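K.L.:
Sequence first, then the predicted structure, then my questions.
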Amino acid sequence: MTAKPTPKPTVRAKVAAKPSVKTGTKVTTPKKKVVKKVYRKYKPRKRVVITPSPSPNWPPVGFSPSPDKLSYAKVPTGVELVGILSALKSPSGSVKQCSQDPKNPTISAKSCGAVLAASETGCSWWEVISQVNGVDPNNPKGQIILGNLRTLSGGTTARSTAVIILVSSIPLTFGVHFDHINVQCWNKPTAEQVPSNTFTPATASPTPSPTPSQS
């Protein structure tokens, strides 16, 4: 008996349908935006003329003149003095003596005053004589003379203002002020130590004991 051949499975290939193309459809690509360059005409810059700053007012406003009207002096207010000292980049030793040093708490600060001085022709050095007053211990509303102070300060050029710090030997305390201030501009050499502060207590011998200022 002859065996019948086993039928083979029928393989049908799946043909992908072709996309239909519509006729008459126009495909357009977007046009690139054309950037136009604008060339500006060169215009020469105007020449800027820098004028020098005006010279400071002379004589200085608010200063008292000397008899010959060549030198001037003024006692600054507390607000003015704070502004002046704040503007100093490197305060002198005299200024440092007027406030308590946190690094040296055992060294007491001194009672200080200040004078602004200027001269028409300049000075080799300045001399300031002042009287130091304080509160009367027997009468809190009264004042007594604590002593006299002689301050020597460095020179200045013509029409420039010097800040002269008056350093007494009185410890920093409330109620101390400086009065009867006399300012002298000197243009001759001196053998004395400049700067320096010499304080003479009211109850002591009139012979002064120099206390040089730290530089």
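P.N.:
That came through, no problem.
K.L.:
show me where this protein has strands.
P.N.:
Listed in chain order, the strands of the chain (DSSP state E) span 64-65, 71-74, 110-119, 123-136, 139-156, 161-171, 177-186, 196-201, 209-212.
K.L.:
can you tell me which residues contact P76?
P.N.:
Contacts here follow C-beta atoms under 8 Å, 6 or more residues apart in numbering; on that basis P76 touches 84, 114-116. The way it works is simple: take the backbone N, C-alpha and C, and place the C-beta from them, glycine included.
K.L.:
just those now: which is nearest A73?
P.N.:
Proximity to A73 was ranked across the contacts of P76 by C-beta to C-beta; first place goes to V115, at 5.7 Å.
K.L.:
Nearest spatial neighbour of that closest one, chain-adjacent residues omitted?
P.N.:
Counting by C-beta to C-beta, 6 or more residues apart in numbering, V115 lies nearest to I164, which is 4.6 Å off, once chain neighbours are set aside.
K.L.:
which residues touch the one you found?
P.N.:
Counting by C-beta under 8 Å, 6+ apart, I164 touches 114-117, 126, 128, 151, 153, 183.
K.L.:
If we use 6 Å, what do you get?
P.N.:
The neighbourhood of I164, defined by C-beta atoms under 6 Å, 6 or more residues apart in numbering, consists of 115, 117, 126, 128, 153.
K.L.:
Please report how far it lies from G142.
P.N.:
Look at I164 and G142: by C-beta to C-beta, to the nearest Å, they are 29 Å apart.
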